[in-house]
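1. Sequence first, then the predicted structure, then my questions.
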Amino acid sequence: MKPIIGITPDVEKDDKHFLRNDYMQAIIRAGGLPFIIPIGDEADVAQIVGLLDGLLLTGGNDINPILFNEEPHTHLGEVSPSRDLFELELARQMLAVDKPILGICRGLQLLNVAVGGTLYQDIQQQYKGPILQHLQKAPDAHPSHFVQLAKGSLLAKIAGSERIQVNSFHHQALKDVPTVFNISGIASDGIIEAVESVDKQFVLGVQWHPELLASNGDVVSRRIFEEFVGVCVNKNS
Ligand code: MN
């Protein structure tokens, strides 16, 4: 039995779901059985968590800053309030039962907020010091900037290297990261690009889009999905 991987889709003005095929194909390629989880009632999250062997939190709109006790900055983008609340509950309950989570882009930011962390609402405006182009103008699967990986981290082991090249499509980034996460990837400008749980079996968040790189054949990106799906065990097996 293949592990069942729930994937949260993006929402448009809270009335339409959409999900890039690359996420689903990356899970299928890695041996998982993907199921899209519509944004629903938080009261149903416990039942959904019971059905899942793993959770993939995907990219999308900005996270409502109220969720980390800030008011909206002028350069905050579009937010998805119902998606935020539903995904936060999903993430918290998955963490509570120690089921594997992979967070991508907004998914990484969501994970950080779920454990009490904060975000830069706009790195261009709020980050101190010069920054790289994190909203790349190059094609989707073009690796544009480097990420330095922490020695001995899960990500460094997956990559088989301590320096990888990634794509970049974000204007927000992690600010304060609670100690339940280790920072395992950082860009040359200091922007946090990856975190992983210190005590869960597999909780990894990356700021880039490995699903797009994986579609283009990138070996490290494919290995991220293989490692994730590999630890997700189908309870009916
Ligand atoms: Mn970046």
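-> That came through, no problem.
2. What residue in the chain comes nearest to the ion?
-> At 3.3 Å from the ion, Ser168 is the closest residue in the chain, using C-beta to the ion. From N, CA and C alone the C-beta is placed, and that goes for glycine too.
3. List the buried residues for the lowest-mean-pLDDT helix or strand in the chain?
-> Ranking every helix and strand in the chain by mean pLDDT, DSSP states H and E puts strand 10-12 at the bottom, with a mean of 89. For strand 10-12, burial by neighbour count (16 or more other C-beta atoms under 10 Å) applies to 10-11.
4. other SSEs contacting it?
-> With contacts taken as 3 or more C-beta pairs under 8 Å, 6 or more residues apart in numbering; DSSP states H and E, strand 10-12 sits against strand 16-18, helix 81-96.
5. just how off-centre is the helix or strand harbouring Gln25 within its chain?
-> When elements are assigned from DSSP states H and E, Gln25 belongs to helix 21-29. Here the centre of helix 21-29 is set off from its chain's centre by 15 Å, with C-alpha atoms, centre = their mean, to the nearest Å.
6. Just after that helix, pick out the following helix or strand.
-> strand 33-36.
7. who does that next one pair up with?
-> Applying DSSP bridges, strand 33-36 is found paired with strand 4-7 (parallel).
8. what bridges to His145?
-> On the basis of DSSP bridges, His145 is bridged to Val166.
9. wait, it sits on His134?
-> Yes: the criterion here is C-beta atoms under 8 Å, and His145 meets it with His134 at 7.5 Å.
10. Looking at those two, which is more packed in?
-> Per other C-beta atoms under 10 Å, whichever of His145 and His134 has more neighbours is His134, with 22 against 18.
11. need the residues of the protein near the ion, please.
-> Residues of the chain found near the ion (C-beta under 5 Å from the ion) are 134, 168.
12. any idea where the helices of the chain begin and end?
-> 21-29, 45-51, 81-96, 106-114, 123-126, 154-159, 210-215, 219-231 (DSSP state H).
13. could you say what helices and strands the first one packs with?
-> Which is helix 21-29. Judged by 3+ C-beta pairs under 8 Å, 6+ apart, helix 21-29 is in contact with strand 4-7, strand 33-36, helix 210-215, helix 219-231.
14. Show me which parts of that helix are buried, residue by residue.
-> Quick answer for helix 21-29 (16+ other C-beta under 10 Å): 22-24, 26-28.
15. And the last one, by the same measure?
-> Applying a neighbour-count criterion of 16+ other C-beta under 10 Å, the buried positions in helix 219-231 are 220-230.
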